[in-house]
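1. okay, sequence plus prediction incoming.
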Amino acid sequence: MQIVHTIADLRAALAGIQRPAFVPTMGNLHEGHLSLVRLARQKADVTVASIFVNRLQFLPHEDFDSYPRTFDADCTKLKAEGCNIVFAPREKDLYPGPQTFKIQPDPALADILEGEFRPGFFTGVCTVVMKLFQAVFATTGGGVAVFGQKDYQQLMVIRRMVQQFALPIDIVGAGTARADSGLALSSRNGYLSDEQRVQAMALSQALKTLAAAARQGGNLAELEARAMTDLRALGWEPDYLTVRQRSDLLTPADARSGDLVALGAARLGGANGTRLIDNLEF
């Protein structure tokens, strides 16, 4: 397994390679990330994983400086999974100057849900992903990129970006990896105490309950409000619990039919607690 830090070295490592598979990460890898690498290996002969904590997608009050960085352990895990190349740029390698050119995603998709509570988040995501795509695929004739479905809206935004810019990249979505308890795997789970890990299962359960109630009919806004109230009663600070259409994340006219998804984001441990997200297609 090669470890490279600059775009030039990455492209040299990929010389002669056609259509690699790419898994972008921010490191602190867990089983969810490794499942993406295993899926990527099925899609191409050469697999590239990146490790880069992207400052552009963190708001000023968020955890950029404290975000867990476990580079040596991450590389050990990637090597064990058969990853061929790790691209680990330093900030000066990926952003040698101020990033004044940025990708502005469609506000109809990017300014709702996560975008409402984390303004500018998807601009930061799209900008770094576009730059990573250029680093990995510019000399390979395109390829495959694998993203987890836990970040449901992010996956949709990236798919739309690839379509809009006609990038020669196949975006593959992988199902959410979960602990035996049902908790969606996340790097931020490392912030949780043992007691909070048990409490954290309430988010996925709230989405299951909301989805089941929505399928039975009734006023969707009232059902969502009740779900928020019930989660607050368990000590959470929810940003949203909602049912949307899978195709565009708009509110469905009738939740009793159609391809829908329940999405939620909430903080466990008070207003300054750990923010978790989850979703459930139904």
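-> Everything's here; your move.
2. assign the spatially most distant residue from the centre of the chain to helix, strand or coil.
-> Computed with Cα atoms, centre = their mean, the residue of the chain farthest from its C-alpha average is residue 218, at 31.4 Å. Look at residue 218: counting by DSSP: H, G, I helix; E, B strand; the rest coil, its state is coil.
3. quick one: it from residue 244, how far?
-> According to Cβ to Cβ, to the nearest Å, residue 218 stands 17 Å off from residue 244. For glycine as for every other residue, the C-beta is placed from the backbone atoms N, C-alpha and C.
4. what do you get for residue 141?
-> Distance check for residue 141 against residue 244: by Cβ to Cβ, it reads 35 Å.
5. please apply the same query to residue 51.
-> 31 Å.
6. residue 257 too?
-> In this view, residue 257 and residue 244 are 14 Å apart by Cβ to Cβ.
7. which one's more surrounded, these two?
-> It is residue 244, of residue 257 and residue 244, that has more neighbours when counted by other Cβ atoms under 10 Å, with 22 against 9.
8. from the chain's centroid, how far away is stretch 66-84?
-> Relative to the centre of its chain, stretch 66-84 is centred 18 Å away, using Cα atoms, centre = their mean, to the nearest Å.
9. oh, that last question was meant for stretch 17-29, not what I typed.
-> 13 Å.
10. gap between the two ends of it?
-> Taking Cα to Cα, to the nearest Å, stretch 17-29 runs 26 Å from one end to the other.
11. any idea of the mean pLDDT in that stretch?
-> Mean per-residue pLDDT for stretch 17-29: 97.
12. in that stretch, what's buried?
-> The neighbour-count check on stretch 17-29 (16 or more other Cβ atoms under 10 Å) flags 17, 19-29 as buried.
13. take those and lay them out in TSV including distance to residue 124 and secondary structure.
-> Converted to TSV, the buried residues of stretch 17-29 look like this (distance: Cβ to Cβ, whole Å; DSSP: H, G, I helix; E, B strand; the rest coil):
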residue	distance to residue 124	secondary structure
17	28	coil
19	27	coil
20	24	coil
21	24	strand
22	19	strand
23	19	strand
24	13	strand
25	15	strand
26	12	coil
27	16	coil
28	18	coil
29	21	coil
